[in-house]
Every structure is written in C-alpha cells, then in structure tokens.
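Asker: The amino acid sequence is not available; the structure is as follows:
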C-alpha cells in the first residue's frame, strides 16, 4: 500500500504471477490517510496508534478521498472521538484491501509493504480482517525500490 495506489502482487517461486491494483482513485492509499489525518488534525504518523485506542469505531462510507475528508469533518462536528474516526478510516481501507486480496486468492504468506505498512493500526486491522499474521519488513516503504535494484543488478 503506497501513497497513490494499493496493489496485490502474487509471487510464486520468486516470480510475479498475478497483479491487481485498486480502482477507486486514492481510496485505500497513503494519500487517503494523509488527507483524512489532516481533517482530524492529527499527524499521519499517529493515525494508526490513535485507531488502536478506539472504543466505538465510526463507520466511514465514502470511497473517495475528498468525500471521506468531508465525512471526517462532519463526524468531528457531531462530537465523534478522533480515535473512533481513525479506527473507522483504518477499517474502511482494510475492508477494501481484503476484498482485493480475496479476489486474488488468499495465500498463507503475505508481506505488507509500502509506506502504509508503517501504520500499526492498519496492520492490526488487516490481520484481523484476513485472519492471518502479516510480514512487515524493517523498512516497508523502500521494499519496491530494493526489489527493483536487485532485479537490475541481476540478483534473484
């Protein structure tokens, strides 16, 4: 899950065998989280931990960033706690990603990479929705670049 899109990439024996990307603008991406965190007046770096402290996760229905941002502002105006809105955002995205994952065929070993993988709330929610533990590399944001560099170098 990156800043501008989310992808499900199936790798077997070190080779990409299938690929799917999200189809709804920036929904389910880092940019989506960035804009909604801004509407909540919290740092994007704190959004996941905030979500983990929720008591009653809010339901976020908007699939598009600009509408979700408006929805967040409306929820805040109604007095809904930032923690509950954060959890609703994370759950909303996780559910979209799970649908994509199931379309590709759930595998036993799933690596969660990209900048969004640094969001602890997103990791916890995805694991709950998928029913498995995700592997998150030490620096998930650079995993794609590292893989490209290894391919360019001729490594397997």
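Answerer: Perfect, I can see it now. Predicted, not measured: the structure shown is a model, and the values here were computed from it. Numbers count the residues shown, from 1 in each chain.
Asker: Quick one: mean pLDDT for the longest helix seen in the chain?
Answerer: The longest helix of the chain (DSSP state H) is helix 82-104. Averaged over helix 82-104, pLDDT sits at 89.
Asker: Mind giving me the packing neighbours of that helix?
Answerer: Where contact means 3 or more C-beta pairs under 8 Å, 6 or more residues apart in numbering; DSSP states H and E, helix 82-104 is packed against strand 7-12, strand 15-21, helix 30-40, helix 47-52, helix 65-77, helix 120-130. The C-beta positions use only the backbone N, C-alpha and C, and glycine is treated the same way.
Asker: how distant is that helix from the center of its chain?
Answerer: 7 Å (C-alpha atoms, centre = their mean, to the nearest Å).
Asker: Quick check: buried residues in it?
Answerer: Under the neighbour-count criterion of 16 or more other C-beta atoms under 10 Å, helix 82-104 has 82-94, 96-98, 100-101 buried.
Asker: now stretch 119-131
Answerer: 119-126, 129-130.
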